[in-house]
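Student: Got a sequence here, can you model it:
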Amino acid sequence: MAKQGPSVHEAISASLLRVGRTLEGQGMVYQALTPYLKLIERYPNSQEASVATERVLAIAEGLRKMGQHHMAMTVIELLEAAHQGQ
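Tutor: Below is the predicted model of the structure:
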């Protein structure tokens, strides 16, 4: 019997995490929020969702440290909304 690869959901969640990490690595933190939040909302039970949650919280903390408190709160509210969509 042939070995089965990851499910479609696993492949999509892994891809979303890779896109988010790539964008974040390029300094595009605001753009990275979209794939991270989509991953959290659509695939909440995936291993990648917990990593994405950590990354979103790290982005919010980075904004707070830069004195961008309003933006940090907005990011936290978006994260909360993504978790409520589960």
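Student: Can you mark which positions in stretch 19-37 are buried?
Tutor: Buried positions in stretch 19-37, judged by neighbour count with 16 or more other Cβ atoms under 10 Å: 19-21, 23-24, 29, 32-33, 35-37. C-betas here are computed from N, CA, C, even on glycine.
Student: Give me the distance between the two termini of it.
Tutor: Taking Cα to Cα, to the nearest Å, stretch 19-37 runs 12 Å from one end to the other.
Student: Point out where this protein drops to low pLDDT.
Tutor: Within the chain, the segments meeting pLDDT under 70 span 1-5, 85-86.
Student: ok, now which ones touch the spatially most central residue of it?
Tutor: When Cα atoms, centre = their mean is applied to the chain, the residue found nearest the centroid is residue 36 (1.9 Å). Going by Cβ atoms under 8 Å, 6 or more residues apart in numbering, residue 36 touches 16-17, 20, 52-53, 55-56.
Student: ok, now residue 72?
Tutor: Contacts of residue 72 (Cβ under 8 Å, 6+ apart): 60-61, 63-64.
Student: what does residue 60 give?
Tutor: Neighbour list for residue 60: 72-73, 75-76, 79 [criterion: Cβ under 8 Å, 6+ apart].
Student: Distance of it relative to residue 29?
Tutor: To residue 29, residue 60 is 10 Å away according to Cβ to Cβ, to the nearest Å.
Student: Please apply the same query to residue 8.
Tutor: From residue 8 to residue 29 the distance is 28 Å (Cβ to Cβ).
Student: Also residue 78?
Tutor: As judged by Cβ to Cβ, residue 78 and residue 29 stand 13 Å apart.
Student: do the same with residue 9
Tutor: From residue 9 to residue 29 the distance is 26 Å (Cβ to Cβ).
Student: Name the helix or strand for residue 52, please.
Tutor: Element membership for residue 52 (DSSP states H and E) is helix 47-65.
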